[in-house]
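>>> have a look at this prediction, sequence included:
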Amino acid sequence: MNMTRCFEFFILILLSSCAGSPAWQSLQISSTRSEASKNNKKMLSLKIGQSKSEVLSIMGNPAKTESYDLGGGEVIEFYFYRTQGWSTHQTYDVDFQFTPVAFHNDKLVGWGRNYYDKVTRQQLELKVGEIEFKGIPDFNEEDVKKAF
């Protein structure tokens, strides 16, 4: 009898630990929502000009990072922190669930999606600006006919 109980417990643990199982998913949803709530509260302490080490002491380690070369030896770094948890039936992370925090010369210069989008859009415009355009390619009707 005792061995049967032990086996049932083992099967229950095995099934609940499988990714995609209702128990696993419920645990993940709860965990990501808790982390998001904590990070949102911590972000209230951020101030422009804080050092990277000050921000890390407040926020902890980021979930992920990105860096962009702004040219002329200037680099901006983004640290991403979860600020939105999983919703029901979600099994993976998406970008909008993380808030980017930006550093330039190891100082906090901004945070949030709008700031991130502005910097990355400017970065794209810089890269496009470096390309020399020689006009729009000629339209060749024969190439289009071959495609069909």
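Arrived safely.

>>> this protein: helices as residue ranges?
Per DSSP state H, the chain carries helices over the ranges 2-16, 22-43, 52-59, 113-130, 141-147.

>>> and the ones you listed, which one averages the lowest pLDDT?
Of all these, the minimum mean pLDDT falls on helix 141-147 (a mean of 53).

>>> could you find the closest non-adjacent residue to Asp106?
Distances taken as C-beta to C-beta, 6 or more residues apart in numbering put Lys52 closest to Asp106, at 4.6 Å, once the chain neighbours are dropped. To be clear about C-beta, it is placed using only N, CA and C from the backbone, and glycine gets the same treatment.

>>> same question, Leu70
The spatially closest residue to Leu70, leaving aside those adjacent along the chain, is Ile76, at 5.9 Å (C-beta to C-beta, 6+ apart).

>>> cool, and Gln97?
Using C-beta to C-beta, 6+ apart and skipping the chain neighbours, the partner closest in space to Gln97 is Gln84 (4.2 Å).

>>> so who does that neighbour touch?
Applying C-beta atoms under 8 Å, 6 or more residues apart in numbering, we find Gln84 in contact with Ala36, Phe96, Gln97, Phe98.

>>> out of these, which is nearest to Ala63?
Phe98 (6.0 Å; C-beta to C-beta).

>>> hey, what's the closest one bridged with?
Beta-bridge pairing of Phe98 under DSSP bridges involves Arg82.

>>> how close does it sit to Gly73?
Going from Phe98 to Gly73 by C-beta to C-beta, to the nearest Å gives 28 Å.

>>> distance of the residue lying closest to Lys64 once chain neighbours are set aside relative to Gly73?
Nearest residue to Lys64, sequence neighbours excluded (C-beta to C-beta, 6+ apart): Phe80, at 4.8 Å. Going from Phe80 to Gly73 by C-beta to C-beta gives 24 Å.

>>> and the two? Which one has more around it.
More neighbours surround Phe80 than the other of Phe80 and Gly73, with 18 against 6 (other C-beta atoms under 10 Å).
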